[in-house]
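In: Compute the structure for the input listed below.
(2 chains)
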Amino acid sequence: MFPRLIRTAAVAACLTLAGVATAQDRATVVAVNYPLQSFASHLLGPEAEVVYPVPDGVDPSFWRPAIADISLVQSADLILLSGAGFAGWVERVTLPRARVADTSRAYQDRFITTQTITHSHGAGGAHSHEGLASYTWLDPSLAIAQAEAVAAAITARDLAPAEDVAARLDTLRADLQALDAEARAALTAAQGVPLIATHPRYQYLARAYGLQIGALEWDAGAMPTGAELDALWKLAGETGAKVLLWEAEPPAEAIEAVTALGLHSVTFPPLAVPPGEAGFAGSFRQSVAALAAAVEKATAD
Amino acid sequence: MDRPVIGPVNRPVIGPALRAAGLVALLSAVPLGAAAHQLVVFASVDCEVVLVEARFSSGAVARLGEVRVLDGSNTLLTTLQLNSDGTLRIPLDSVDHSTGLVIEVDTGSHDNYWIVTPDDIVRNCGS
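Out: Below you'll find the model as predicted:
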């Protein structure tokens, strides 16, 4: 749906630095994550180029851009932020306020607050910081609100004909509503079933569908260490969980190790990065189906 | 009951602290991006200086800290120390800022950065 060509173009644009957007026929829109890139590309059609500037293999939550990357972002016609603390780099640069859209502003009251690490520094003594769960789009109802915010930002800046954007938004909203209904039906049996995730990415998914998902802090797609497997073993014993959600496909050896602990593995990409050909809805649909199947197996064990 | 072991046998021995860390991870479900905001670094620029300000998210200023200045190629240009009020003024003519500047502040326990692009410098110089 969103070819790598776009990112290749972004890299090329980086090299030519400032003034790129205005020098092109089409407007340039920068999106800080894949859902926003996906929604903006759908809503804009051929009217603009949508750039996801984060290199392959880099988690956009923790991306540290180079100066040239920021020059590209600053020159864009529209910069789509995800809010809820996603992509910390946006708070470490100067962005042109008039061209920035915070796409989650309308649902800030639905953000999920997380507890954080308690530590100390200086003379201030021990203290902790609150954080926000950032992957809001895993609740399709919030993804719809985000798509609506993207559409409004595009229209406000006259980047595409308003009637075209409205028609495309109707289609996108209908797709996401269908996705939500499918997920709700598929995950009914998973409600109340304890699950574990290799990383805390699924808070909004859990809230949307009544899931109980505990979380570890494993590296995406990596072989867990012995310590991590021990923590999983302990957590599974405490919660009774028999399903483990991986945010990226792990090595076969990792699956084997987890299976030996009595857990079924499900790869559920949280979609901050492009999922390949499946696209946003396709990947989400596949993940939900895999999760539902794993829960069915686990409850039959 | 001990965990069944599959795969490499030379994994680290698991201590109580690590087990506790796993539980903390479960209970806190912290996105690391949130934890990265503990030191706030800001740099503003005019025609003469880059003014660096560093404070903790509690509002307290960072009284001690190393400031590293890098260029657009990520080459270290200079290393300086924060003043006791959590600020530092870096004369623009003391560094090659033609490719922009990355300002890194490291207090020892926390670190963060701010990016100044060539456009930022031009724009704030009123050119």
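In: pLDDT of the helix or strand where residue A:231 lies, averaged?
Out: Assigned by DSSP states H and E, residue A:231 belongs to helix A:226-239. On average, the pLDDT along helix A:226-239 is 95.
In: Can you give me the neighbour number for the spatially closest residue to residue A:96 that is not a sequence neighbour?
Out: Nearest non-adjacent residue to residue A:96, counting by Cβ to Cβ, 6 or more residues apart in numbering or on different chains: residue A:74, 6.2 Å away. All C-beta atoms are positioned from the backbone trio N, CA, C, and that covers glycine. Neighbour count of residue A:74, defined by other Cβ atoms under 10 Å in any protein chain shown: 21.
In: repeat for residue A:87
Out: By other Cβ under 10 Å, the residues close to residue A:87 number 23.
In: Please, where are all the strands along chain B?
Out: Assignment of strands within chain B using DSSP state E yields the ranges B:39-45, B:49-56, B:66-70, B:76-81, B:87-91, B:101-106, B:111-116.
In: Could you single out the most deeply buried of these?
Out: Greatest average neighbour count among the strands of chain B goes to strand B:101-106 (a mean of 24), per mean count of other Cβ atoms under 10 Å in any protein chain shown.
In: Quick check: can you name the pairing partners of it and their directions?
Out: Using DSSP bridges, the strands paired with strand B:101-106 are strand B:66-70 (antiparallel), strand B:111-116 (antiparallel).
In: any low-confidence regions in chain B?
Out: B:1-37, B:126-127 (pLDDT under 70).
In: Now do the same contact list for the closest residue to residue A:205 other than its chain neighbours.
Out: Leaving aside its sequence neighbours, residue A:205 sits nearest to residue A:138 (Cβ to Cβ, 6+ apart; 4.0 Å). For residue A:138, the contact set (Cβ atoms under 8 Å, 6 or more residues apart in numbering or on different chains) comprises A:201, A:202, A:204, A:205, A:208, A:270, A:271, A:284.
In: burial of residue A:279, as a residue count?
Out: Residue crowding around residue A:279 was assessed by other Cβ under 10 Å; the count is 17.
In: Help me confirm that it comes into contact with residue A:41.
Out: No. Using Cβ atoms under 8 Å as the test, residue A:279 is too far from residue A:41 to be in contact (10.0 Å).
In: So which of the contacts of residue A:138 are in helices?
Out: Using DSSP state H, A:204, A:205, A:208, A:284 are the members of these that sit in helices.
In: Go through these and say which is closest to residue A:241.
Out: Taking Cβ to Cβ as the measure, residue A:241 sits nearest to residue A:205 out of those, at 15.5 Å.
In: Please determine how far that closest one is located from residue B:77.
Out: As judged by Cβ to Cβ, to the nearest Å, residue A:205 and residue B:77 stand 45 Å apart.
In: Chain neighbours aside, what residue packs nearest to residue B:99?
Out: Excluding its sequence neighbours, the residue lying closest to residue B:99 (Cβ to Cβ, 6+ apart) is residue B:72, at 2.8 Å.
In: and if you look at residue A:189?
Out: Distance criterion Cβ to Cβ, 6+ apart; nearest residue to residue A:189, sequence neighbours excluded, is residue A:295 at 6.1 Å.
In: sorry, back to before: out of the ones in helices among the contacts of residue A:138, grab the one that's most surrounded.
Out: With neighbours defined as other Cβ under 10 Å, the most crowded of the ones in helices among the contacts of residue A:138 is residue A:284; it has 27 neighbours.
In: isn't it right next to residue A:271, touching?
Out: Yes. Using Cβ under 8 Å, residue A:284 is in contact with residue A:271, at 6.7 Å.
In: Roughly how far does the closest residue to chain B within the stretch 1-150 of chain A sit from residue A:182?
Out: Across the stretch 1-150 of chain A, no residue is closer to chain B than residue A:131, which sits at 2.5 Å (Cβ to the nearest Cβ). The gap separating residue A:131 from residue A:182 is 31 Å, by Cβ to Cβ.
In: quick one, which of the two is more surrounded?
Out: residue A:131 (25 against 16).
In: is the more buried one in a bridge, and if so with what?
Out: Bridge pairing for residue A:131 (DSSP bridges) gives the partners residue A:114.
In: So which of the strands of chain B is nearest residue A:88?
Out: strand B:111-116 (8.7 Å).
In: Any regions of the stretch 1-150 of chain A where pLDDT drops low?
Out: Using pLDDT under 70, the stretch 1-150 of chain A drops low at A:1-24, A:115-130.
In: Using a markdown table, lay out the contacts of residue A:138 together with distance to residue A:145.
Out: Formatted as a markdown table, those follow (distance: Cβ to Cβ, whole Å):
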| residue | distance to residue A:145 |
| --- | --- |
| A:201 | 19 |
| A:202 | 18 |
| A:204 | 12 |
| A:205 | 15 |
| A:208 | 13 |
| A:270 | 18 |
| A:271 | 16 |
| A:284 | 16 |
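In: If we only consider the residues you listed, which is nearest to chain B?
Out: Nearest to chain B, judged by Cβ to the nearest Cβ, of those is residue A:201 at 8.0 Å.
In: Surely the closest one touches residue A:273?
Out: No. Shown here, residue A:201 and residue A:273 do not form a contact pair, counting by Cβ under 8 Å, at 11.7 Å.
In: which one of these two has more residues nearby?
Out: Neighbour count, other Cβ under 10 Å: between residue A:201 and residue A:273, residue A:201 has more, with 25 against 21.
In: Extract the CA atoms of the helix or strand just after the helix holding residue A:231 and return them as CSV.
Out: Using DSSP H and E, the next helix or strand after helix A:226-239 towards the C-terminus is strand A:243-246. Output of strand A:243-246 as CSV, limited to C-alpha atoms (Å, rounded to 0.1, in the frame of the first residue of the first chain):
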residue,chain,number,x,y,z
VAL,A,243,-0.3,-17.0,25.2
LEU,A,244,2.6,-14.7,24.4
LEU,A,245,2.4,-11.8,22.0
TRP,A,246,5.5,-11.0,20.1
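In: helices and strands around strand A:243-246, which ones?
Out: strand A:194-197, strand A:264-267, helix A:279-300 (3 or more Cβ pairs under 8 Å, 6 or more residues apart in numbering or on different chains; DSSP states H and E).
In: Could you dump those into JSON lines with mean pLDDT added?
Out: JSON lines is the format used below for the helices and strands packed on strand A:243-246 (pLDDT from 0 to 100):
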{"stretch": "strand A:194-197", "mean pLDDT": "98"}
{"stretch": "strand A:264-267", "mean pLDDT": "97"}
{"stretch": "helix A:279-300", "mean pLDDT": "97"}
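In: Right, I'll leave it there.
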